[in-house]
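Visitor: curious how this folds, go ahead:
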Amino acid sequence: MTNREQIQALIKGMSENIIGQDDEIRKIIIGLLTDGNVLLEGLPGLAKTRAVKSLAKHLDCKLSRIQFTPDLLPSDITGTEVYQPQAEQKFMFQPGPIFSNLILADEINRAPAKVQAALLEAMEERQVSVAGKTHQLEPLFMVLATQNPIEQEGTYPLPEAQLDRFIMKIEIDYPNHDDEIAIMRLVRNESKEAPAKITSIPQQVVFDARKEINQIQVNEAAEKYIADIITATRYPSNFGEDLGRWINYGASPRGTISLDKCSRVVAWLDGRDFVTPDDIRYIVHDVLRHRIITSYEANVSKVTTNQVIDELLKQVAVPA
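Guide: Numbering: from 1, shown residues only. Sure thing, here's the model as predicted:
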């Protein structure tokens, strides 16, 4: 099997365990193939945690789940120096759960700023520093953080600068009626039957796929389209009166880079060696929804970030 076929098999295997979330699963894999980190937002019970666990089952890797709580300390994530009287060195480093391949940061907005910063530093630098020593993380490393959009009590919302470190923010919604029935049947059968043996794909497939994705072509028209969309978030009044009233701050250059990376993965998954405007439009909401800061007027009018991006796509010319 080719690398693409194995990745498609990974997506299919996850979709069989997570009913009604095919698009979200595909986007999680897009985040994996960009070597990025993903923020999953959705109401309780929508299989966010199950999706991450399913990815770990179908990919030959280690998973660490960290339940974020207000009393969590940075050392609970990164690890700490432990006194070992019988060792030659009296203090030895005890690695924390961050030293894994997939990190499920459950309800990341429940932890205080110091803990969030410790995790986000590891996301960006792929290393942690403890007691003046630097420790490298695994070559395959991805943080999948979850948060609940409706609970605000006892939470510490991520600052915009830290949100920008996530390559995508994927919103997970309710399944439809038919999928709801399929979910009931799936869980019912799982309680009756022994778990089926899963053949996981090796990590090397992901590394090889990333090399192929780096070869995907992005022509000048596609580059200009990406730049035009980002520019429209920064100078919204030039692209319409409504956008000027709705947007306070636009996306950083990290948004441009992320949109380019994700678009190339979309093209690769579809079996093409070049990016089209449709690839960009498919993934743009997930890349930008956490990078655009809407105005007070937009919030009062209940204009969502998704609606703002919809309007951006209407106003920015699509290359011929």
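
Visitor: helices of the stretch 51-200 of the chain, start to end?
Guide: Secondary structure of the stretch 51-200 of the chain by DSSP state H, counting those that start in this stretch: the helices cover 74-78, 113-125, 160-163, 177-192.

Visitor: among those helices, which comes closest to residue 135?
Guide: Taking Cβ to Cβ, helix 74-78 is the member of the helices of the stretch 51-200 of the chain nearest to residue 135, at 8.2 Å. Where you see a C-beta, it was placed from the backbone N, CA and C, and this is true even at glycine.

Visitor: hmm, back to that, tell me which of the helices of the stretch 51-200 of the chain sits nearest to residue 241.
Guide: Here helix 160-163 is closest among these (Cβ to Cβ), at 24.6 Å.

Visitor: just the buried residues of that closest one, please?
Guide: Of all the residues in helix 160-163, those buried under the rule 16 or more other Cβ atoms under 10 Å are 162, 163.

Visitor: what does stretch 231-249 rub up against?
Guide: By Cβ atoms under 8 Å, 6 or more residues apart in numbering, the residues outside stretch 231-249 that reach it are 160, 250-251, 255, 288, 291-295, 297-298, 303, 308, 311-312, 315-316.

Visitor: and it, what's buried?
Guide: For stretch 231-249, the neighbour count (16+ other Cβ under 10 Å) marks 231, 232, 233, 236, 239, 242, 243, 245, 246, 247 as buried.

Visitor: and if you look at stretch 112-130?
Guide: Buried-residue list, stretch 112-130, by 16+ other Cβ under 10 Å: 115, 116, 118, 119, 120, 121, 122, 123, 128, 130.

Visitor: give me the contacts around that stretch.
Guide: Contacts for stretch 112-130 (Cβ under 8 Å, 6+ apart): 37, 66, 68, 70, 72-81, 93, 96, 98, 103, 105, 108, 134-137, 141, 143, 145, 156, 158-159, 162, 165-166.

Visitor: can you flag the buried ones in those residues?
Guide: Neighbour-count burial (16+ other Cβ under 10 Å) applied to the contacts of stretch 112-130 gives 37, 66, 68, 72, 74, 76-79, 81, 93, 96, 98, 103, 105, 108, 135, 137, 141, 143, 145, 156, 158, 162, 165-166.

Visitor: narrow those residues to those in strands?
Guide: 66, 79, 81, 93, 103, 105, 135, 143, 145 (DSSP state E).

Visitor: still on that earlier bit, any chance of the helices of the stretch 51-200 of the chain in TSV, plus mean pLDDT?
Guide: TSV is the format used below for the helices of the stretch 51-200 of the chain (pLDDT from 0 to 100):
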stretch	mean pLDDT
helix 74-78	89
helix 113-125	84
helix 160-163	83
helix 177-192	88
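
Visitor: residue 269: which of these is closest?
Guide: Set against residue 269 and scored by Cβ to Cβ, the helices of the stretch 51-200 of the chain come closest in helix 177-192, at 22.3 Å.

Visitor: pull out the buried positions in the closest one.
Guide: Those would be residue 179, for helix 177-192 by 16+ other Cβ under 10 Å.

Visitor: which SSE is immediately downstream of it?
Guide: Remark: after helix 177-192, the chain's next helix or strand is helix 203-213, criterion DSSP states H and E.

Visitor: how much distance is there from that following helix to the middle of the chain?
Guide: Distance, stretch centre to chain centre, for helix 203-213: 18 Å (Cα atoms, centre = their mean, to the nearest Å).

Visitor: which other helices and strands contact that helix?
Guide: Secondary-structure packing of helix 203-213 (3 or more Cβ pairs under 8 Å, 6 or more residues apart in numbering; DSSP states H and E): helix 3-17, helix 22-33, helix 253-269.

Visitor: can you tell me which of the contacts of stretch 231-249 are buried?
Guide: Among the contacts of stretch 231-249, those buried by neighbour count (16+ other Cβ under 10 Å) are 250-251, 255, 288, 291-292, 294-295, 298, 303, 308, 311-312, 316.

Visitor: from those, pick the one nearest residue 54.
Guide: residue 288 (26.8 Å).

Visitor: are we agreed that residue 35 is in a strand?
Guide: No - Residue 35 is assigned coil when assessed by DSSP: H, G, I helix; E, B strand; the rest coil, not a strand.

Visitor: burial measure for the closest residue to it other than its chain neighbours, as a count.
Guide: Leaving out its chain neighbours, the residue that sits closest to residue 35 by Cβ to Cβ, 6 or more residues apart in numbering is residue 210, at 6.3 Å. Residues within reach of residue 210, counting by other Cβ atoms under 10 Å, total 17.
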